[in-house]
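> what would the 3D arrangement of this be:
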Amino acid sequence: MKTRSLGRALRTLGLFACAFALAGEILSAQAALPPIGVPLPKPPDVRTPLVLSAVNDPVSGRGAFSFEGREVPPVIRVSPGQKLRITYLNRMRASSGEVCVDGPCMNMSNLHFHGLHVSPESPQDDVISMMAMPGESLRYTVDIPLNQPSGLYWYHTHPHGESYQQDLDGMSGAIVVEGIERYVPELRGLKEQILILRDAELHQGDEASKRLTAAVDISQTTCGEATGDPGRIFTVNGAVRPKIAIAPGEKQFWRIVNASPDLYADLMIDSEDMITVALDGMPLGYHNPDRPTESAQHVLLAPAGRLEVIVTGSTSGAKASLRSLCVNTGPDGDPNPAMVIADLDPAGRQDAPTRSKHGAADSQKAVYRHLSSQAVKDLEKRDAAFVVNFTEDKNGFYINNKKYQPSDDPMVTVKTGSYVHWQVVNRTHEVHPFHIHQVHFLVYGNDGTSISNPKWMDTVNLEPGQSLDLIMDFMDPIIRGISVFHCHLLKHEDKGMMAKIRFE
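Numbering: from 1, shown residues only. Next up is the predicted model:
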């Protein structure tokens, strides 16, 4: 874990002490919500480009996104079939005081639209050739397909070698593809909470860090096999352990993204089970209309994972919290202890926005893509068309014994228009989350055994020594071009655990 200045820890404590509006800054097409209590503005014309700047915070020097003069990344809301236009200005300093994996950071930057089924070629989700150095700019025009699953996605920077540091600094934000009510009508009229989990760093022996640790109730007992002291805690939309207003028995729709570069969130709520609506932006009903929701006591979100759930306020009067459970990251991993992320407040101000009963995407028909059990069985019988092996040593991190270089040719070429069986194998002594750009996949096999309730995801965790069988959805011809797959522990990705894929 890299260390930071005491100033950042003190700044985080300042956020903790301030009043916190949990809904944060939300963009309806391209306009941020006003402060709590101010009427919502009329949604602007989506043809207006969003102007987002990469800057250095004047106090801490850390990287940040600036939108409309504030260091608060907007939540972008789009509907299937719309275009997302972003002008991205790199206004960071030419020289950086931060240290990246290969030395001083260069402050180069770009954007990745995580989970969206869009083209990997410029000017869309191109993380390979689209890059802005300080003083330069990029212009993105991203075509959101009509069959894009409605759900929670996110954007973050993706410059190889500097992704970890920029993500740790908080250069990320949420994307909502509207229309999820078509799969779960109960969501209409529920209050919506968008919770972006990021990091506050801890420094051993530092009084401010001790207060942060106490604030989230980190256990003092050893958690998992990893050695050492915890290096981070979770924040929610920039605040430490905020209170979320929810009346007893009230139902709310929570959309949670784990935007940490390497902390796992195994999420649970004390008082009630959560009703899962979507994982990684994929509504459960998109592939299984007969089962659009399911109950869960806790859900593991690897870094980059998303969870969309219906939460019910405690009816018993007991104190309730949103927690992350202990995650065993393996003997070579980093400590990932249990902690309290937020408290449910039955007496708090009810300021979260209520979802409209009819949104723009409601006029569109629900899109379903059913993959029959027979088709899954047929793919299971075939040998894996490609195997991803995660390995590491003291010199770096590898996929199939190769450390990524930007000049590399694609490691694998696939034809669009088909489902393909892949296997991902973790040959290390720590966890690794596998992520591939442009597509989702069905996680159906664990160490050669079929999973009874498989899920569609775009980021999946592998435990040490574990092997997972995946059905890759390469059906959409829009994804043609060169893209990447990698470990989403971003320090691992920066140190080589990434490879290119060519979609033809």
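
> rest of the way, CA atoms for contacts and neighbours
Fine.

> looks like residue 399 contacts residue 493 (just checking).
No. With contact defined as C-alpha atoms under 8 Å, residue 399 does not count as touching residue 493 (10.0 Å).

> let me know the helix or strand that the residue lying closest to residue 343 once chain neighbours are set aside is in.
Leaving aside its chain neighbours, residue 343 sits nearest to residue 321 (4.2 Å; criterion: C-alpha to C-alpha, 6 or more residues apart in numbering). Remark: residue 321 resides in strand 320-325, with elements defined by DSSP states H and E.

> which strands or helices does that strand pack on?
strand 265-269, strand 339-345 (3 or more C-alpha pairs under 8 Å, 6 or more residues apart in numbering; DSSP states H and E).

> among those, which is nearest residue 372?
strand 265-269 (30.2 Å; C-alpha to C-alpha).

> any idea which helix or strand comes after that closest one?
Toward the C-terminus from strand 265-269 - assigned by DSSP H and E - lies strand 274-279.

> send me that following strand as CSV with only the CA atoms.
Extracted C-alpha coordinates of strand 274-279, given in CSV (Å, rounded to 0.1, in the frame of the first residue of the first chain):
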residue,chain,number,x,y,z
MET,A,274,-31.2,-7.3,0.5
ILE,A,275,-33.2,-8.0,-2.6
THR,A,276,-30.8,-8.1,-5.5
VAL,A,277,-32.0,-6.5,-8.8
ALA,A,278,-28.7,-6.4,-10.8
LEU,A,279,-25.0,-7.3,-10.6
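
> can you map out the helices along this protein?
6-17, 163-169, 207-215, 284-287, 373-381, 490-494 (DSSP state H).

> give me the distance from the last one to the chain's centre.
Spelled out, that is helix 490-494. Distance, stretch centre to chain centre, for helix 490-494: 15 Å (C-alpha atoms, centre = their mean, to the nearest Å).

> what sits against the residue lying closest to residue 213 once chain neighbours are set aside?
If the residues on either side of it in the chain are set aside, residue 213 comes closest to residue 233, at 7.4 Å by C-alpha to C-alpha, 6+ apart. Counting by C-alpha atoms under 8 Å, 6 or more residues apart in numbering, residue 233 touches 199, 200, 201, 202, 212, 213, 216, 339.

> do you know which of the helices of the chain lies nearest residue 305?
Of all the helices of the chain, helix 490-494 comes closest under C-alpha to C-alpha, at 13.3 Å.

> what residues does the closest one touch?
Helix 490-494 has contacts (C-alpha under 8 Å, 6+ apart) with 101, 160, 161, 162, 163, 164, 261, 262, 396, 397, 486, 487.

> residue ranges of the strands in the stretch 351-500 of the chain, please?
For the stretch 351-500 of the chain, applying DSSP state E, counting those that start in this stretch gives strands covering 386-393, 396-399, 412-414, 418-426, 432-436, 441-446, 449-457, 459-462, 467-474, 481-487, 498-503.

> the third one packs against which elements?
I take that to be strand 412-414. Partner elements for strand 412-414 (3+ C-alpha pairs under 8 Å, 6+ apart): strand 498-503.

> the strand it packs on vs strand 467-474, what angle?
40 degrees (axes from the mean of the first three to the mean of the last three C-alpha atoms, to 10 degrees).

> how far is strand 498-503 from where the chain is centred?
20 Å.

> using PDB, list the CA coordinates for that strand.
Listed next in PDB are the C-alpha coordinates belonging to strand 498-503 (Å, rounded to 0.1, in the frame of the first residue of the first chain):
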ATOM      1  CA  MET A 498      -3.300  -7.200 -18.600                       C
ATOM      2  CA  ALA A 499      -3.500  -8.400 -22.200                       C
ATOM      3  CA  LYS A 500      -5.100  -7.300 -25.500                       C
ATOM      4  CA  ILE A 501      -7.900  -9.000 -27.300                       C
ATOM      5  CA  ARG A 502      -8.900  -8.400 -30.900                       C
ATOM      6  CA  PHE A 503     -12.600  -8.700 -31.700                       C
END
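
> from now on call the first residue 825
Yep, numbering from 825; the last one is strand 1322-1327 now.

> now the angle from it to strand 1305-1311?
Using the same axes, to 10 degrees: strand 1322-1327 against strand 1305-1311 is 150 degrees.

> Provide the strand pairings for strand 1322-1327, with the direction of each partner.
Partners of strand 1322-1327 in the sheet, by DSSP bridges, are strand 1236-1238 (parallel), strand 1305-1311 (antiparallel).

> who wins for proximity to residue 1290 among the ones you listed?
strand 1305-1311 (14.3 Å).

> buried residues in stretch 984-1000, which are they?
Residues of stretch 984-1000 classed as buried by neighbour count (16 or more other C-alpha atoms under 10 Å): 984-1000.
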